[in-house]
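Trainee: using only what follows, build the 3D model:
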Amino acid sequence: MSEKKTSDSQENNNDSPDERMHLLSKSLNTLSSELEMVKKSVQKRRNENTTLKVLFYTGMFVLLAGFLYSNSVLQRAHMRSLEKNFFSVEQRLYQDINQIKINLELKVQHLQKQLKQIDGTDIFTILSHMDFAISQVHPKQEKTIMLINQVRLDIDEFSRLLREEISSHKARKIIDKNEVIEP
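Mentor: Coordinates of the predicted model:
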C-alpha cells in the first residue's frame, strides 16, 4: 500500500500544471453543477412549500366558509321551526279561548232559560222583587242593617253585570248575523 501512495504522489508530482488546472477546473465544474442542482432542489422545495401553504390556507378558508354557511342555514331553519311552533301554540290558544267563551255563553243562556222558567218571570223581575222585599224589612240591629245593605248592593251589582252580559251577547249576535249577510 505504501507503494501505491508513493506512486500516486509521484504521479501528482509528475502532473503538469495544465493537467492540474484541468482537474481542478473539472472538480470546480462538478461542484458548480452539484451546487446548481442543490439550488434548483431548494427552489423546488420552496415552491412546493408555498403551494402547500396556499392549499392549506385555501382549505382552511373553505372549511370556515362552509361552517359559517351551514351555521347560518341551521339558524334560519331553527328560527322557522320556532316560528311555526309559536304560531301553532298561538292557534291552539285562540281555539281554546274561543271554546271556553262558547261554553260560557251556552251556560249563561242555559241559566237564563232556567231562571225564566221560574213562574214565567225573568231574573230581573225576581231580583227587583227580592230588592223590594228586603227594603220592606226594618231591622233594629246595626249588623243586620249592614248585611241587608250588602245584599242589596250585591243584587244591584249582579243585575248590572247580567244586563251587560246580555246586551254584549245580543250585540255579538247582531254582528255575527251582519257578518254572515255581508259577504
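
Trainee: moving C-terminal of the lowest-mean-pLDDT helix or strand in the chain, what's the next helix or strand?
Mentor: Across the helices and strands of the chain, mean pLDDT, DSSP states H and E gives its lowest value to helix 2-14, namely a mean of 50. Per DSSP states H and E, the first helix or strand lying C-terminal to helix 2-14 is helix 17-116.

Trainee: next SSE downstream of that following helix?
Mentor: helix 123-136.

Trainee: CA-only coordinates of stretch 89-103, as CSV, when you get a sec.
Mentor: In CSV, the C-alpha atoms belonging to stretch 89-103 read as follows (Å, rounded to 0.1, in the frame of the first residue of the first chain):
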residue,chain,number,x,y,z
VAL,A,89,-99.4,27.2,20.0
GLU,A,90,-101.0,30.6,19.4
GLN,A,91,-103.6,29.0,17.2
ARG,A,92,-104.4,26.3,19.8
LEU,A,93,-104.6,29.0,22.5
TYR,A,94,-107.1,31.0,20.4
GLN,A,95,-109.1,27.9,19.8
ASP,A,96,-109.2,27.0,23.5
ILE,A,97,-110.2,30.6,24.4
ASN,A,98,-113.0,30.6,21.8
GLN,A,99,-114.2,27.2,23.0
ILE,A,100,-114.2,28.4,26.6
LYS,A,101,-116.1,31.5,25.6
ILE,A,102,-118.7,29.5,23.7
ASN,A,103,-119.1,27.1,26.6
